[in-house]
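[1] Provide a 3D model corresponding to the input given below.
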Amino acid sequence: GFADHGAKGRREIIEKTDVLIIDEISMLHDYRLDMVDEACRLVRKKDVPFGGIQIIMSGDFFQLPPINRGDSRAGGFVVSSNVWQELDPTICYLTEQHRQDDEALLEILDALRAGDIRRHHAEKLLERIDAVPADDAIMTELHTVNIDVDTLNEKELEKLEGDELFYTQTTTGAENYVENLQRSVLAPATLRVKKGALVMAVKNSLDRKYANGSLGIVIEFEAATEYPVVEFKNGRTVTMQPDTWELRDGEKKRASITQIPLRLAWAITVHKSQGMTLDAARIDLRKAFVEGMGYVALSRVKNLDSLYLIGINRKALEVSQDAQQIDVLLRDRAALDGKKFAHLEKNIERRKTEPPKKAKPASGWQEKIAKMRETHPNAYRPWQKADDVVLKQGFQNGVTIKQLSKKLGRHEGSITMRLQKHFGEDVVQ
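    Down below sits the predicted model:
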């Protein structure tokens, strides 16, 4: 079984884990949560939910439900899982939202959740069908099916003059691992762009120059590398360099995909937009085919003035009845749990009035680090982007680990582990 024959690194992670966080919980099948529970129990040899690991789940059940395909096992929301019933989790129902700043749109979204769309709500939405954005407005279109997205992106790219450049991803790892990782990478395997193309960043920038979902225009290509230079709507101009997505099993890297973190953005699917905030969007909901699709699409924008509807059908105004029933249960349970843990709020207020505690003297571990930094000045300091550039270039140019250790002020073991993170254990021995 998994507990006896699973990868050692994976089993060690499960054994040492204190807290497991699962986001977008609405999209996880009930039977998959049971599978996670079973694996944790077997590895940790404790017959309690998740083997005693604390679980934090977050998400919105009104958004897109778990996807059931014809050739795979069907399932429902996680609240139907066996472990949910046994776990009996504490519920914290979040009521404050930070995306919308428009009472009219908020009222429509609340009505969608309640399954209580009235005539005046529908009329507000239908008014946005006739709305025309400014000529210089930069925005993406949300569509419900992939073929419409691909068709529009191809059509708009063909309209642009000039040379088309393409960037093909590079991968490492076994084919099955790469295929698994590919499902979570929004950048296409081959990115095709021209000067003037509307693009979207599909990964957060470590230096915060752009975020997942940021829109921009390709204004030129860097002379030396031919990497696309993008002017984003936030006013920043960035040369977009390849970035890497990794599939890791503990400390072991199973697969990686390296690609320019962009995709054409004249159109994207509603499914891929989940989790994004868009400054403005054209939305086509004429082919909405599942409950929650309209709710997800309409909730991507901040206000009605930034929403431009191409069309909408009845299905787009529906949410899952299961989600509505779950919502009632969660609200009731959250109210009970709020009373149960009310004393914690009193403790917080009391601590605010208490004088700050005196700092403890340096521990033996801190003294060890100070001693280590006499030889390796950067020991246990966070790796900076510039350090990684020096490390990777040096390694690829044949610089030894000992030389890199001295140059970067880090222990040779730290250099080796960092190289294995970037290039894999099979490359760095």
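[2] list the contacts of the longest helix seen in the chain.
    Longest helix of the chain, by residue count under DSSP state H: helix 321-340. Identification of contacts with helix 321-340 by C-beta atoms under 8 Å, 6 or more residues apart in numbering yields 26, 61-62, 65, 76-77, 79, 90-93, 113-115, 291-292. Every residue, glycine included, has its C-beta placed from N, CA and C.
[3] got the angle for whatever helix or strand comes next after that helix vs helix 321-340?
    The helix or strand immediately downstream of helix 321-340 is helix 342-353, counting by DSSP states H and E. Interaxial angle, helix 342-353 versus helix 321-340 (axes from the mean of the first three to the mean of the last three C-alpha atoms, to 10 degrees): 60 degrees.
[4] what is the mean pLDDT for helix 342-353?
    The average pLDDT within helix 342-353 is 86.
[5] just to revisit the earlier point, with respect to pLDDT, which of the contacts of helix 321-340 ranks lowest?
    P65 (84).
[6] what's near enough to touch that one?
    Per C-beta under 8 Å, 6+ apart, neighbours of P65: S26, M27, G76, F77, V290, E291, G292, S320, D322, A323.
[7] next up, phi/psi of it, please.
    phi -80, psi 170 (degrees, to the nearest 10).
[8] how close does it sit to A74?
    P65 sits 11 Å away from A74, going by C-beta to C-beta, to the nearest Å.
[9] how about the strands in the stretch 1-150 of the chain?
    19-22, 54-57, 140-143 (DSSP state E, counting those that start in this stretch).
[10] redo the ones you listed as CSV? Include mean neighbour count and mean pLDDT.
    Listed next are the strands of the stretch 1-150 of the chain as CSV, based on neighbours: other C-beta atoms under 10 Å; pLDDT from 0 to 100:
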stretch, mean neighbour count, mean pLDDT
strand 19-22, 11, 97
strand 54-57, 15, 97
strand 140-143, 25, 94
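[11] how about TSV for the ones you listed, with distance to K46 added?
    Below are the strands of the stretch 1-150 of the chain laid out as TSV (distance: least, C-beta to C-beta, whole Å):
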stretch	distance to K46
strand 19-22	14
strand 54-57	13
strand 140-143	45
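[12] how about the strands in the stretch 151-300 of the chain?
    165-168, 170-173, 190-193, 198-201, 215-221, 228-232, 237-239, 243-249, 252-259, 262-264, 267-269, 281-285.
[13] between these, which one is nearest to Y380?
    Of all these, strand 243-249 sits nearest to Y380, with 21.1 Å by C-beta to C-beta.
[14] now the closest one against strand 252-259, angle please.
    Going by the same axes, to 10 degrees, strand 243-249 makes 160 degrees with strand 252-259.
[15] which residues touch I67?
    So I67 contacts M27 (C-beta under 8 Å, 6+ apart).
[16] pLDDT score for it?
    For I67, pLDDT reads 82.
[17] from A134, how far out is it?
    Counting by C-beta to C-beta - I67 and A134 are separated by 37 Å.
[18] and if you look at G70?
    44 Å.
[19] looking at these two, which is more packed in?
    A134 (8 against 5; other C-beta atoms under 10 Å).
[20] what about stretch 40-48, start to end distance?
    End-to-end distance for stretch 40-48, by C-alpha to C-alpha, to the nearest Å: 9 Å.
[21] and stretch 21-40, by the same measure?
    For stretch 21-40, the end-to-end distance is 14 Å (C-alpha to C-alpha).
[22] over to stretch 299-310?
    Terminal-residue distance, stretch 299-310 (C-alpha to C-alpha): 16 Å.
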